[in-house]
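> just coords:
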């Protein structure tokens, strides 16, 4: 790597300006990534626009709601995305959006762990419920559902990061094992092992809670 490249600051994606009539067509993923690697600041807005929905949806699914620090988590996700692209840690076997989803999953998991250490995940009073429960026709059921979902998130926050990540990527975000292996830099067998062990650990802990 040349000295000039080492001195270039990370790109910080921001919303792009409205496109003009002469605006160039969207770049392919590979072209956009190469521009980031070369430190081309002109791609920041395009990267942000392409990945924002993916990042926001991933954070929402991991955390269960739009948190008060949502914008900070989005910014942190983009900083990590740009850093991994610029240092060529991108898993080229997957799409750019899939990579962004993986990075945002890690940011969300770290946020869960931080909150569990600081004030306890179980102490938070409410989370978003599925639409079928939103009407509040059964307050006791809704309160029980809140506690159950919070407990699951608490268990995920305390599990091995690799197992929790595999669970979220596969069972929550819908990535297949081959994608998870590429995203996490492990073999297919290792990805499958993490998922199986993660499911076993989660079910075991939830079973203990139900028996108590």
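Thanks, I have it. Predicted, not measured: the structure shown is a model, and the values here were computed from it. Numbering: from 1, shown residues only.

> going forward, measure contacts and count neighbours with C-alpha atoms only.
Noted.

> Go ahead and name everything in contact with the helix or strand hosting residue 206.
According to DSSP states H and E, residue 206 maps onto helix 188-211. For helix 188-211, the external contacting residues (C-alpha atoms under 8 Å, 6 or more residues apart in numbering) are 152, 155-156, 159, 162-164, 166-167, 170, 177-178, 180-181.

> Would you list the buried entries among those?
Burial by neighbour count, 16 or more other C-alpha atoms under 10 Å: within the contacts of helix 188-211 this picks out 152, 155-156, 159, 163-164, 166-167, 170, 177-178, 180-181.

> dump the residue contacts of residue 33.
Applying C-alpha under 8 Å, 6+ apart, the residues near residue 33 are 85, 86.

> and if you look at the one 3 residues further on?
Taking C-alpha under 8 Å, 6+ apart as the definition of contact, the neighbours of residue 36 are 11, 43, 82, 85, 86.

> Count the neighbours of the last one for me.
Think residue 86. 20 (other C-alpha atoms under 10 Å).

> Just give the number of residues close to the nearest residue to it once chain neighbours are set aside.
Once flanking residues are discounted, residue 86 sits nearest to residue 37: 4.2 Å by C-alpha to C-alpha, 6 or more residues apart in numbering. Counted with other C-alpha under 10 Å, the neighbours of residue 37 add up to 19.
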